[in-house]
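**Q** Predicted coordinates and the sequence they were generated for:
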Amino acid sequence: MGPDLLGRILARRLGDGTLLTARIVETEAYQQDDPASHSYRGRTNRTEVMFGPPGHAYVYFTYGMHHCVNVVTGSSGEGSAVLLRAAEPLEGLEEMARRRGTDDPRALCSGPGRLCQAMGIARNENGVDLVRGRELWLLEGSPVPASGIGVGPRVGITSGTERPWRFSVRGDRYVSRVRPAEPVRGSR
DNA sequence: CGTTGGATTGGCT
DNA sequence: GCCAATCCAACGC
């Protein structure tokens, strides 16, 4: 499911009518049978949306300051989702720059926290229908052929790193910074 | 209840 | 390269 979202467009309509769009270039898949997934330990208040119908947004808050947005993928009761990690800003760059505090187009949506900040996605958007929604939704865009997709280990997790479920558009300049593979870090 | 640490980022050494 | 920021979900007592 992760690779299918590459090349799709994420659209956002702000309260004042401003339209923001971005082309998804990097994703990560999370499944219920996956120690790295929030759904691994079953249904909770936070993960409830992950277990709901597909095509909805699962938005969570982390590190005390960042939001991340996922597309719920499995059927109801399943607990799987795809994290949107990076996108190429297409429309509304000025507004995104204002929200991000930088003009650099590569720093607007390249990273899960950055993407949410640029597009004004927060807990308010948790659970919204990304197919029929009018504030946050997905457009078909142009799916990326398999030959143009890169696969690798997921980023920022301490377990489940052996699952190669990070997908990106190969060579795309808006893919987020790849961290070194070396994960051995002692204290917190 | 109290504790722990996180699907990150940006700034400083 | 390293680490603080800063909230809160999950888990243990």
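**A** Happy to help now that I have it. Numbering: from 1, shown residues only, chains lettered A, B, ... in the order given.
**Q** Quick check, pLDDT for the closest residue to residue A:103 other than its chain neighbours.
**A** Once flanking residues are discounted, residue A:103 sits nearest to residue A:97: 5.0 Å by Cβ to Cβ, 6 or more residues apart in numbering. Every C-beta, even on glycine, is put in place using the N, C-alpha and C of the backbone. On pLDDT, residue A:97 comes in at 98.
**Q** For residue A:97, grab the count of nearby residues.
**A** Look at residue A:97: counted by other Cβ atoms under 10 Å, it has 17 neighbours.
**Q** The one 4 residues further on now?
**A** By the measure other Cβ under 10 Å, the count of residues near residue A:101 is 8.
**Q** do the same with the one 5 residues further on
**A** By the measure other Cβ under 10 Å, the count of residues near residue A:106 is 16.
**Q** my guess is it contacts residue A:173, does it?
**A** Yes - under the criterion of Cβ atoms under 8 Å, residue A:106 makes contact with residue A:173 at 6.4 Å.
**Q** how about the nearest residue to the spatially most central residue of chain A, chain neighbours excluded?
**A** Taking Cα atoms, centre = their mean, the centroid of chain A lies closest to residue A:84, which sits 1.4 Å from it. Using Cβ to Cβ, 6+ apart and skipping the chain neighbours, the partner closest in space to residue A:84 is residue A:69 (5.3 Å).
**Q** quick one: low-confidence parts of chain A?
**A** By pLDDT under 70, the low-scoring segments of chain A are A:178-188.
**Q** In it, which residue sits closest to DNA strand C?
**A** For chain A and DNA strand C, the shortest gap (Cβ to the nearest atom of the strand) falls at residue A:64, measuring 1.9 Å.
**Q** how close does the closest residue to DNA strand B within chain A sit to residue A:112?
**A** In chain A, the residue that lies nearest DNA strand B is residue A:156 (1.9 Å; Cβ to the nearest atom of the strand). Residue A:156 sits 9 Å away from residue A:112, going by Cβ to Cβ, to the nearest Å.
**Q** between these two, which one's more packed in?
**A** More neighbours surround residue A:112 than the other of residue A:156 and residue A:112, with 25 against 15 (other Cβ under 10 Å).
**Q** Next up, phi/psi of that one, please.
**A** phi -60, psi -40 (degrees, to the nearest 10).
**Q** The closest residue to it other than its chain neighbours in helix, strand or coil?
**A** Excluding the flanking residues, the one nearest residue A:112 by Cβ to Cβ, 6+ apart is residue A:68, at 4.2 Å. Using DSSP: H, G, I helix; E, B strand; the rest coil, the secondary structure recorded for residue A:68 is strand.
**Q** for residue A:150, same thing?
**A** Recorded secondary structure, residue A:150: strand (three-state DSSP).
**Q** Now do the residue nearest to residue A:112 against residue A:74, distance only.
**A** From residue A:68 to residue A:74 the distance is 18 Å (Cβ to Cβ).
**Q** More neighbours: these two, which one.
**A** More crowded of residue A:68 and residue A:74, by other Cβ under 10 Å: residue A:68, with 21 against 18.
**Q** Brilliant, that's me finished.
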